[in-house]
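Peer 1: Give me the fold of what follows.
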Amino acid sequence: MISGKFAITLHILTLLSKFPDEYLSSEFLAGSMNINPVLVRKEIANLKKHNMVESREGKNGGTRLAKSVKDITLDDIFKMTFQKVSLGYAKNDPNPACPVGKKINQNLDALYDGINIKISAQLKDISLMEFTDKF
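Peer 2: Prediction:
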């Protein structure tokens, strides 16, 4: 299902790009989004796992970009936050004896695969730098 992870991650990276030489605290980042810092730290952990940011602890600790904004595409961010966009499935298992029920999930999977390919193709052409230049 679609979640806010992409938007949160993009917001974090956009803020970090505006302060490239500073380590920003999760509290500062969370304040910009008006969310709990725990949610920010969760996304920062994912960004660290993908070598997008570096962090340091302590009084002057925080997080900053580890890569150039020119080298990060929105598709990179999309793929870090989603394995696959899905608009969902019925809560109950469809009836396998029904001509629609027996193939609905298979056809939804094909539809969602196509949507993901199109999203990825569009986001691949937009760098984080291009996105952040709008602010």
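
Peer 1: residue ranges of the strands in this structure, please?
Peer 2: Listed in chain order, the strands of the chain (DSSP state E) span 53-56, 62-65.

Peer 1: The last one: how far from the chain's middle?
Peer 2: On the basis of CA atoms, centre = their mean, to the nearest Å, the separation between the geometric centre of strand 62-65 and that of its chain is 17 Å.

Peer 1: what residues does that strand touch?
Peer 2: Strand 62-65 is contacted by residues 12-13, 16-17, 19-26, 28-29, 44, 47, 52-56 when judged by CB atoms under 8 Å, 6 or more residues apart in numbering. In short, each C-beta sits where N, CA and C put it, glycine included.

Peer 1: that older thread, JSON lines for the strands of the chain, including mean neighbour count and mean pLDDT?
Peer 2: Shown next, in JSON lines, are those (neighbours: other CB atoms under 10 Å; pLDDT from 0 to 100):
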{"stretch": "strand 53-56", "mean neighbour count": "16", "mean pLDDT": "93"}
{"stretch": "strand 62-65", "mean neighbour count": "21", "mean pLDDT": "94"}
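
Peer 1: And the ones you listed: which comes nearest residue 87?
Peer 2: Relative to residue 87, the nearest member of these by CB to CB is strand 53-56, separated by 30.1 Å.

Peer 1: Neighbouring strands of the closest one in the sheet, and parallel or not?
Peer 2: In the sheet, strand 53-56 lines up against strand 62-65 (antiparallel) (DSSP bridges).

Peer 1: buried subset of the contacts of strand 62-65?
Peer 2: 12-13, 16-17, 23-24, 26, 28-29, 44, 47, 52-53, 55 (16 or more other CB atoms under 10 Å).
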